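> Structure for the following, please:
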Amino acid sequence: LFMVRIVMMLLVCASAAQAQAPVLLRSQPGQGTSVRTLLGARGTIVFREITGGVPTTDSVVGEMTRLAGVTKRVLQVQDRDRMLEVTYDSLRIRSRLLGQSWKETALPAAERGPFTVPMDDRARWSGTTAPSLETLKEWQGVEFPEEPITPGGTWSYPATYRLPTELGALLEITVADSLEGTTTITLDSVVVRAPNDSLMYLRVAKTLGPITLPAIAAGDSAVIELAGTQAGTLIWATAGQSLAAGATQTRINGKLRGVGAGSARQADVTWFISTRVQVRF
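Reported below is the predicted structural model:
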């Protein structure tokens, strides 16, 4: 019994040491590996008109829910690169604006796939021209650092966030469809469950903008100032070479100001969206 306790203590110490050692984060699923990801999101748009410098009461003017199932399969492995087949196997989008009834929207067949997408071992996608794939990258995407990272360490890379089309529809404006920013990832901790099975807990902090964009508001010239943040946690499983779960909260703030000769419109709009990711191997 004494020897068993010693062995158990040594195993615990070894796992603890391994959990604090530098980690080279890489995505290296084998050929034929298939992963189904369940994605869920809920968004709310809050609008506040400003008249004579006095803001009105906040009003919820838009709501959206989205549920999707996405299957990724490794078609080919070549050195550090993978060729993925990505397919939306199910999708449900429901939205309502300005108190109207809920409306269900189907994703066009051309946006469902299957798509062929190259990915390197740092989990960086390329050639994702379909809007549905860009949205997928935002929901579950994380790029790994070039060098090994110690728990508590951080790395950053550029971020692009696609704005919801509902923003333009509600404000009756025409504006660019994306925000640029920076994503910072922190390796919070490593939980070692077996020699080849560890969970990497990643903390996401994203800043978007600020940027001032030209816009058209109900036919008049306008500008809109946009800025946003995103925070969340993702869990990477080394055994499955995939994200295992995750959740994020995003907030986009917009300030609309009319600049046309006949326009003095001012308004604030805030877009809140929460997302959840679950993976089935």
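
> so where's this structure uncertain?
Scanning the chain for pLDDT under 70 picks out 1-20, 52-55, 58, 128-129, 131, 134-141, 164-176, 217-219, 260-264, 281.

> where along it do the helices fall?
2-20, 131-140, 165-171 (DSSP state H).

> Spatially nearest residue to Glu111, not counting backbone neighbours?
Spatial nearest neighbour of Glu111, chain neighbours left out: Ser132 (4.2 Å); criterion: C-beta to C-beta, 6 or more residues apart in numbering. C-beta here means a position set from N, CA and C on the backbone, and glycine is covered the same way.

> What is the burial count for Leu199?
For Leu199, the tally of surrounding residues (other C-beta atoms under 10 Å) stands at 17.

> where does it sit relative to Ala21, distance-wise?
Plainly put, Leu199 is 15 Å away from Ala21 if you go by C-beta to C-beta, to the nearest Å.

> same deal with Gly228?
Relative to Ala21, Gly228 is positioned 35 Å away (C-beta to C-beta).

> of the two, who's got more company?
Between Gly228 and Ala21, counted using other C-beta under 10 Å, the more crowded position is Gly228 (21 against 12).

> Show me the beta-bridge partners of that one.
Leu208, Ile252 (DSSP bridges).

> who's in contact with it?
Tyr161, Leu179, Gly181, Lys206, Thr207, Leu208, Gly209, Thr250, Arg251, Ile252, Asn253, Trp271 (C-beta atoms under 8 Å, 6 or more residues apart in numbering).

> again, 6 Å this time
Gly228 is in contact with Leu208, Arg251, Ile252, counting by C-beta atoms under 6 Å, 6 or more residues apart in numbering.

> Give the burial count for the second one, as a bare number.
In terms of burial, Arg251 registers 14 neighbours under the definition other C-beta under 10 Å.

> Stretch 201-209: which residues count as buried?
Neighbour counts over stretch 201-209 (16 or more other C-beta atoms under 10 Å) mark Leu202, Val204, Lys206, Thr207, Leu208, Gly209 as buried.

> will you turn those residues into JSON lines that also has distance to Leu25?
What follows is the buried residues of stretch 201-209, written out as JSON lines (distance: C-beta to C-beta, whole Å):
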{"residue": "Leu202", "distance to Leu25": "9"}
{"residue": "Val204", "distance to Leu25": "14"}
{"residue": "Lys206", "distance to Leu25": "18"}
{"residue": "Thr207", "distance to Leu25": "22"}
{"residue": "Leu208", "distance to Leu25": "24"}
{"residue": "Gly209", "distance to Leu25": "28"}
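
> Show me which pair in these is furthest apart.
Leu202 and Gly209 (23.1 Å; C-beta to C-beta).

> those strands in the stretch 101-250 of the chain, which residues are they?
Here the stretch 101-250 of the chain has its strands, by DSSP state E, counting those that start in this stretch, at 103-105, 115-120, 154-162, 173-174, 178-194, 197-217, 220-237, 242-258.

> want to try JSON lines for the ones you listed, with distance to Asp81 as columns?
Formatted as JSON lines, these follow (distance: least, C-beta to C-beta, whole Å):
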{"stretch": "strand 103-105", "distance to Asp81": "35"}
{"stretch": "strand 115-120", "distance to Asp81": "5"}
{"stretch": "strand 154-162", "distance to Asp81": "18"}
{"stretch": "strand 173-174", "distance to Asp81": "39"}
{"stretch": "strand 178-194", "distance to Asp81": "22"}
{"stretch": "strand 197-217", "distance to Asp81": "21"}
{"stretch": "strand 220-237", "distance to Asp81": "19"}
{"stretch": "strand 242-258", "distance to Asp81": "17"}
